[in-house]
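> Here is a sequence together with a model predicted from it:
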Amino acid sequence: MDLHFGDSKPTDEERAAIDALLGPPESSWEGATRDEMRAADLRWARGGRAARERRDLLLPGLHAVNDRIGWISEGALGYLCRRLTVPPAEAYGVATFYAMFSVKPRPATVLHVCTDLACAAAGASELCAGVEARLGPGSGVAVERSPCLGLCERAPAALAVRAGDPVRTAVSAPTTVERAVLAASAPDSAPEEPSAALAVPQAGDPALMLLGRVGVVDPASLDDYRAHGGYTALRQAFAIGPAGVIREVTDAGLVGRGGAAFPTGRKWQATASQPDRPHYLVCNADESEPGTFKDRVVMEGDPYALVEAMTIAGYAVGAHKGYLYLRGEYPRALARMEHAIGQARARGLLGDDVLGQGYAFDIEIRRGAGAYICGEETALFNSIEGYRGEPRSKPPFPVEKGLFDKPTAENNVETLINVLPILTVGAPAYAAIGTGSSTGPKLFCVSGSVERPGIYELPFGATLGELLELAGVRDRLRAVLLGGAAGGFVRPDELDIPLTFEGTREAGTTLGSGVVLAFDDTVPLPRLLLRIAEFFRDESCGQCVPCRVGTVRQEEALHRIVGRTGADAAADITLLREVGRAMKDASICGLGQTAWNAVESAIDRLGAYE
């Protein structure tokens, strides 16, 4: 490892931001000033393995500087690298990997305006133009067109971030030019966000298993959570033991809710059986799929449920440390989860002796910084470890060599909270819900051309038409996108598709993470497809050629096709098919493998360019 530090020095404010995270430097080897040096510092080098083991603090350190200053200077990056013994070139590669960081000077206030699918259909282009006209150079605000902010039920949306100590944020959704400008100009004066319950049209329905507490329980109150059944499942887990928990989850038929649908019990059993120690649990709350916002609503409306579910999962797989990797664009979810974890720790529900059962478990939050690829489990591990969020080749699989090269169970928020009803009602009762192959309830993120957008909880097996009827689908429905940008379009005459993993597969589409985006005939479909292509081109990590080059070629072809149909578009459609097939067959991870799905379905099912 070769370290080359430049001559740039950090400002006092930058040093303070890093030292607040890492503590004051102990020697000149860590960047102490001449006044702080001790004579012994000159006699031996400090660092080695102990320093390298702190590499995973690189991402929190970048956040610390970006939050305090608004951007990451060469001096700040060099000081952080010296503190962590990280080569500056590697740290620069990490800092430039994430959309929310900047290594160039910018104003302390950044306004992120969502331009993705739901917001695009709600007039994001006009909103961006209006905001940019009002907040031009000299305004003290940087306006950035952003991928999905996870606020699809309140589209169009904007997020203002003002650097400082502490950093201040303001969410404006649904927003207008005036509201967005107000949020950026005075984050502290922006209207308070509505309750998470407003994102759950079924809120208050006692039949809900996963969302039953949202809007009913005070999300800040641990006592209120326990009064509504909280921690019953954890007590049951301790009663039956780790093997009993895994058996219940397996018998319930629970599969991952992130889209891959891998059996959760098998994953937990494979992790628990590994002799290598320690084991880790990772909760993937980096839901960046355009149209997805269910995990945000759960964390904002029922945060203790996730804390309890992570504790149960950790107990089952033999982990004593859990990491919650949370989207950087979710400031309220971050605050709610920090509070819930702190309260659980103070009340003996996390820590060295959970519930007096002799089991030690704690949770650490790690913030993402704007990278869709980090939703892939191994890219997420790299991100936590302080590397670029690029996927790893498999095998070895995470259950063998995952986070920090140790056995790791990774699940998303929805998968984990399903464990609570499994343990409280029992595996047979849970498995009786839904269908034989897709058991239990499922959360669906419905947005777009509907009267009541939000999160809906339905048993597997309900049809797409039934879901849209609940949401109040509008007239002149043109198409429905299932699974988000990585999913596929279906026609209005295909609403009898059963919402199960096997049902959507048989229909030639995918359920994915549960995204249901409805579009009426006022939405220009070619422009929508171009936005999907732009999204994948921008979010490709660039590690493998099929994805890095293929996403660019896909976007170029769609740019050429705009406004053309029939024979004029035939050559580019042929090229799109060839590029799409190459990405699907040869890309390392799911991003490249699914980047062509939506475009392919629009051409084949909707006749997008006929």
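Right, received. Where do you want to start?

> and the gap between residue 474 and residue 495?
Going from residue 474 to residue 495 by Cβ to Cβ, to the nearest Å gives 14 Å. All C-beta atoms are positioned from the backbone trio N, CA, C, and that covers glycine.

> State the mean pLDDT of stretch 360-367.
The average pLDDT for stretch 360-367 rounds to 98.

> Can you show me the strands along the stretch 101-250 of the chain?
Secondary structure of the stretch 101-250 of the chain, counting by DSSP state E, counting those that start in this stretch: strands at 109-114, 141-146, 158-162, 168-172.

> Select, out of those, the one closest to residue 487.
In terms of Cβ to Cβ, the element of the strands of the stretch 101-250 of the chain nearest to residue 487 is strand 109-114, at 18.6 Å.

> Which other helices and strands does that closest one contact?
In terms of contacts (3 or more Cβ pairs under 8 Å, 6 or more residues apart in numbering; DSSP states H and E), strand 109-114 is packed against helix 124-134, strand 141-146, strand 158-162, helix 177-185.

> Neighbouring strands of it in the sheet, and parallel or not?
strand 141-146 (parallel), strand 158-162 (antiparallel) (DSSP bridges).

> Among these, which comes closest to residue 404?
That would be strand 158-162 among the strands paired with strand 109-114, by Cβ to Cβ, at 30.1 Å.

> So which bits of the closest one are buried?
Buried residues in strand 158-162, counted by 16 or more other Cβ atoms under 10 Å: 158, 159, 160, 161, 162.

> Residue 91 versus the fourth one, what's the distance?
For residue 161, the distance to residue 91 under the criterion Cβ to Cβ works out to 22 Å.

> try the last one
Residue 162 sits 25 Å away from residue 91 when distances are taken as Cβ to Cβ.

> just to revisit the earlier point, need the strands of the stretch 101-250 of the chain in CSV with distance to residue 312 and mean pLDDT, can you?
Below are the strands of the stretch 101-250 of the chain laid out as CSV (distance: least, Cβ to Cβ, whole Å; pLDDT from 0 to 100):
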stretch, distance to residue 312, mean pLDDT
strand 109-114, 34, 97
strand 141-146, 35, 96
strand 158-162, 32, 97
strand 168-172, 31, 96
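
> For residue 168, list the residues it contacts.
Contacts for residue 168 (Cβ atoms under 8 Å, 6 or more residues apart in numbering) come out as 161, 162, 187, 188.

> Distance to residue 65 for the strands paired with strand 109-114 - can I get that in JSON lines?
Below are the strands paired with strand 109-114 laid out as JSON lines (distance: least, Cβ to Cβ, whole Å):
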{"stretch": "strand 141-146", "distance to residue 65": "16"}
{"stretch": "strand 158-162", "distance to residue 65": "14"}
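
> and the spatially closest residue to residue 179 that is not a sequence neighbour, what are its bridge partners?
Spatially, and ignoring its direct neighbours in sequence, residue 179 is nearest to residue 172 (4.7 Å; Cβ to Cβ, 6 or more residues apart in numbering). Here residue 172 sits in beta bridges with residue 158, going by DSSP bridges.

> neighbours of residue 172, just the number please.
Neighbour count of residue 172, defined by other Cβ atoms under 10 Å: 26.

> Could you list the low-pLDDT ranges of the stretch 451-600 of the chain?
565 (pLDDT under 70).

> For it, which segments are assigned as strands?
Under DSSP E, counting those that start in this stretch, the stretch 451-600 of the chain gives strands at 454-459, 477-482, 488-490, 515-520.

> just checking, residue 388 touches residue 92?
No - taking contacts as Cβ atoms under 8 Å, residue 388 lies outside contact range of residue 92: 10.5 Å.

> These two: which is more packed in?
residue 388 (20 against 16).

> any idea how far the closest residue to that one other than its chain neighbours lies from residue 394?
Nearest in space to residue 388, with sequence neighbours left out and distances taken as Cβ to Cβ, 6+ apart, is residue 97 at 4.7 Å. Shown here: residue 97 relative to residue 394, a distance of 21 Å by Cβ to Cβ.

> Residue 105 too?
Residue 105 is 40 Å from residue 394, where distance means Cβ to Cβ.

> So between those two, which is more surrounded?
residue 394 (13 against 10).

> ok, that one to residue 400 distance?
10 Å.

> Please enumerate the strands of the stretch 301-450 of the chain.
Going by DSSP E, counting those that start in this stretch, the stretch 301-450 of the chain shows strands at 319-326, 362-367, 408-412, 441-448.

> And the residue nearest the centre of this protein?
Nearest to the mean C-alpha position of the chain, by Cα atoms, centre = their mean, lies residue 286 at 1.4 Å.

> check contacts around that one.
Residue 286 sits in contact with 325, 326, 327, 368, 374, 375, 380, where contact means Cβ under 8 Å, 6+ apart.

> what's residue 156 in contact with, if anything?
Contact analysis of residue 156 by Cβ under 8 Å, 6+ apart lists 113, 114, 119, 122, 123, 124, 127, 173, 174, 175.
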